[in-house]
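S.K.: I would like the atomic coordinates for the input below:
(one chain, ligands or ions: 1)
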Amino acid sequence: MKRLDGKVAIITGGAGAIGSATVERFVAEGARVAVADNRIELARDVASRFGDKAFAVHLDAADADSVKQAIDVSVAHFDDGLDILFNTIALTTSEFMRKDTTAVDVPLEVWDQAMRVNATGLFLACRFAIPYMIARGGGSIINTSAGSALAGDLTRIAYGSSKAAVIAMSEHIAVQYGRDGIRCNIICPGVIFTEERSKPIADLIETMKEHILTPRFGRPPDMAALATYFAADESAYVTGQTICCDGGQLIHQPHVADTRKLIARGVPG
Ligand SMILES: NC(=O)c1ccc[n+]([C@@H]2O[C@H](COP(=O)([O-])OP(=O)(O)OC[C@H]3O[C@@H](n4cnc5c(N)ncnc54)[C@H](O)[C@@H]3O)[C@@H](O)[C@H]2O)c1
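M.R.: Predicted coordinates:
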């Protein structure tokens, strides 16, 4: 018996790095998966790898009607209700991130866009999925936040704030629908390495390496593994939890990297 045998899942942002790795993992674990994204051609490419176990559906997180339609179409496609919603959508392009600066300088439309897609978009997917889960007797929602929801940074105030909203929203859902059998958990990825995204920021990556505790950066399958745990019945008693998948980036003393260098120079730590 596989961990997600017989389950129906929707992965929003399923064409993305973490989303597509999780489509692969969920299908391998026995689920049927709707790959929902606004980059529909990429979503189709991802779904086509898994025959009738996956299908692509267009979803624009900035448009409530589109989100509702995508959830309805996904449930109808598998004719089986809905067990799992994994929300991975966010505005992540470097073009967008460059505009997301500081409290004084960030353009209001950038703030609004981050909230609209990263927070409201995920909220809408939950809102339209929950009735299907209630009808089925329960389900598992997994929302993707980020480390920047838990600690401040020099830039990206809108992204971090929208990701903090994801945590609060998820905790409210866990409380409001727990007795309906619906669990809602949150994953905060740290640096999840993808070749293409890391190349232009090689210097930043080297600096960040000093601040993780594991020998390597995370990769999309690390996120897929945690999402699988939250999606499966083995986590039946876990809800409202925020788990960081970040190599320990946020749990150590801020001076650890500097102390390591002192120790390497022979200074007692
Ligand atoms: N990769 C990392 O290092 C990292 C770190 C922290 C948090 N995260 C979070 O993890 C999640 C997934 O990240 P990723 O690295 O796979 O990013 P990604 O950009 O590869 O995937 C995000 C997906 O969301 C889709 N999307 C964006 N706007 C949309 C909209 N309006 N409607 C529908 N789809 C839309 C994109 O098309 C894309 O396929 C995101 O929520 C991101 O904020 C990632």
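S.K.: ok, the nearest residue to Ala64 once chain neighbours are set aside - how many residues close by?
M.R.: Setting aside the residues directly before and after it, Ala64 is nearest to Leu124 in space (C-beta to C-beta, 6 or more residues apart in numbering), at 5.3 Å. C-beta: built from backbone N, CA, C; applies to glycine. Using other C-beta atoms under 10 Å, Leu124 is surrounded by 23 other residues.
S.K.: Over to Ala21?
M.R.: 24.
S.K.: pretty sure it is touching Ala225, no?
M.R.: No - here Ala21 does not reach Ala225: they are 9.3 Å apart, not a contact under C-beta atoms under 8 Å.
S.K.: where along this protein do the strands fall?
M.R.: Assigned by DSSP state E, the strands in the chain fall at 8-12, 32-37, 54-58, 84-87, 139-144, 182-189, 242-245.
S.K.: what residues does the first one touch?
M.R.: Among residues not part of strand 8-12, those counted as contacts by C-beta atoms under 8 Å, 6 or more residues apart in numbering are 19, 22-23, 26, 31-37, 59, 61, 70-71, 74-75, 78, 80-89, 121-122, 125, 129, 231.
S.K.: ok, now stretch 113-133?
M.R.: By C-beta under 8 Å, 6+ apart, the residues outside stretch 113-133 that reach it are 10, 12, 59, 61-62, 64, 67-68, 71-72, 75, 81-83, 85, 87, 89-91, 96, 100, 139, 141, 143-144, 158-159, 161-163, 165-166, 169, 173, 177, 180-182, 184.
S.K.: same deal with stretch 224-231?
M.R.: With C-beta under 8 Å, 6+ apart as the test, stretch 224-231 has contacts from 3-4, 7, 9, 18, 21-22, 24-26, 29, 31, 83-84, 86, 140, 142, 183, 185, 187, 235, 238, 243, 245.
S.K.: Could you check that stretch and say which residues are buried?
M.R.: Within stretch 224-231, the residues scored as buried using 16 or more other C-beta atoms under 10 Å are 224, 226-231.
S.K.: Tell me who's in contact with whatever residue of the chain ends up closest to the ligand.
M.R.: Relative to the ligand, the nearest point of the chain is Gly16 (2.0 Å; C-beta to the nearest ligand atom). The neighbourhood of Gly16, defined by C-beta under 8 Å, 6+ apart, consists of 37, 88-89, 92.
S.K.: and those near the ligand, which?
M.R.: By C-beta under 6 Å from any ligand atom, the members of the contacts of Gly16 lying near the ligand are 37, 88-89, 92.
S.K.: Output the residues you listed in JSON lines, with pLDDT and distance to Leu150 appended to each entry.
M.R.: Listed next are the ones next to the ligand among the contacts of Gly16 as JSON lines, based on pLDDT from 0 to 100; distance: C-beta to C-beta, whole Å:
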{"residue": "Asp37", "pLDDT": "99", "distance to Leu150": "26"}
{"residue": "Thr88", "pLDDT": "98", "distance to Leu150": "18"}
{"residue": "Ile89", "pLDDT": "98", "distance to Leu150": "20"}
{"residue": "Thr92", "pLDDT": "96", "distance to Leu150": "18"}
